[in-house]
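J.: fold the following and give me the result.
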Amino acid sequence: MSTDDAPRVLVVDDEASITDFIALGLRHEGFDVRTAPDGRVALRIVDDFKPQLVVLDLMMPRMDGWELCRALAGDRNRGIIILSARDETTDRVAGLELGADDYLVKPFEFSELLARVRAVLRRRQPDLARVVRAGDIVIDTATREVRIGDRLVDLSVREYDLLHFLAVNVDQVLPRQRLLDEVWGYNFFGDENNVEVYVRYLRNKLGDQEHRRIQTVRGVGYRLRSEPAPVEA
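T.: Numbering: from 1, shown residues only. Down below sits the predicted model:
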């Protein structure tokens with residue numbers, strides 16, 4: 001995904017280890033990320049970067065997170081997530097009343113932060129939520145169209161559902177049974193061979209005969225790669 005298309009996230013925290021950790025994880029998930037060590041620097045970045053979401057700490061030098069949240073809360077198209085070690089109910093309530101969309105307490109799991117980032121963006125930027133990207137594969141969930149570059153890929157309903165689930169979990173190894181449960185449904189009476197058959201269909205339609213996009217993880221399942229694997233010499 002090009003940075004022009006990627007959702008823009010600004011991470012504001014005076015602890016570089018935290019901003020670096022979050023930025024690395026979000027970039028891996030396809031976000032365009034910038035960081036700032038305090039509120040004043042963040043405001044300068046906002047003017048140029050125009051983030052669609054700001055993740056901010058509360059306790060920072062110069063301009064703290066309370067003041068920054070107050071300054072940013074007027075834009076209805078921009079989401080705010082407070083990420084703070086302060087876990088008192090009064091702090092949570094105060095942050096939400098200032099205009100934050102969510103409040104997550106440190107220490108935190110990245111997977112939870114990622115889920116909250118996506119949830120806030122779905123509410124604030126609904127047009128972003130309708131498009132799922134995995135490398136050069138673009139899935140429009142409203143029209144159910146799938147494109148690779150300029151090429152429209154014609155998929156059956158089941159092929160689309162399988163590709164979509166692989167794409168929203170891009171770069172994750174998904175066991176065959178989980179794919180069967182999530183795509184075919186828990187009440188489906190078939191077996192894991194159905195997954196193998198439809199993965200083969202998908203590979204043919206994606207031009208992935210060399211398995212560079214959809215990787216087989218022996219003994220486990222499959223993984224859709226965000227970047228096609230290099231061709232082996």
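J.: any idea how far residue 20 is from the residue nearest to the spatial centre of the chain?
T.: The centroid of the chain falls nearest to residue 29 when counting by Cα atoms, centre = their mean (4.9 Å). Computed as Cβ to Cβ, to the nearest Å, the residue 29 to residue 20 distance reads 15 Å. No exception for glycine: its C-beta is placed from N, CA and C like everyone else's.
J.: same question, residue 180
T.: 38 Å.
J.: who's more crowded, these two?
T.: More neighbours surround residue 180 than the other of residue 180 and residue 20, with 19 against 13 (other Cβ atoms under 10 Å).
J.: now do the same for the more buried one: helix, strand or coil?
T.: Of the three states, residue 180 takes helix under DSSP: H, G, I helix; E, B strand; the rest coil.
J.: quick one: contacts for it?
T.: 188, 190, 191, 192, 194, 195 (Cβ atoms under 8 Å, 6 or more residues apart in numbering).
J.: apply 6 Å and report the result again.
T.: Residues near residue 180 by Cβ atoms under 6 Å, 6 or more residues apart in numbering: residue 195.
J.: what about the helices in the chain?
T.: 16-28, 39-49, 65-72, 89-98, 110-124, 126-129, 157-168, 176-179, 193-206 (DSSP state H).
J.: show me what counts as buried in the fourth one.
T.: By that I understand helix 89-98. Going by neighbour count (16 or more other Cβ atoms under 10 Å), the buried part of helix 89-98 is 91, 92, 94, 95, 98.
J.: does the second one touch residue 102 like I think?
T.: Yep, that's residue 92 we're talking about. No. Here residue 92 lies out of contact with residue 102, judged by Cβ atoms under 6 Å, at a distance of 9.7 Å.
J.: isn't residue 183 up against residue 162?
T.: Yes. Using Cβ under 6 Å, residue 183 is in contact with residue 162, at 5.0 Å.
J.: those two: which is more packed in?
T.: More neighbours surround residue 162 than the other of residue 183 and residue 162, with 25 against 21 (other Cβ under 10 Å).
J.: about what we covered before: and the pLDDT at the residue nearest to the centre of the chain?
T.: Per-residue pLDDT puts residue 29 at 75.
J.: how about it: what's its closest non-neighbour residue?
T.: Nearest non-adjacent residue to residue 29, counting by Cβ to Cβ, 6 or more residues apart in numbering: residue 114, 6.2 Å away.
J.: what separation do you get for that neighbour and residue 107?
T.: Distance from residue 114 to residue 107, by Cβ to Cβ: 15 Å.
J.: between the two, which one's more packed in?
T.: Neighbours per residue (other Cβ under 10 Å) separate residue 114 from residue 107, with residue 114 holding more: 16 against 6.
J.: any idea of the pLDDT on that one?
T.: 88.
J.: also the one 10 residues further on?
T.: According to the predicted model, the pLDDT of residue 124 comes to 84.
J.: tally up the residues packed near it, please.
T.: 18.
J.: now residue 150
T.: Residue 150 has 5 neighbours, counted by other Cβ under 10 Å.
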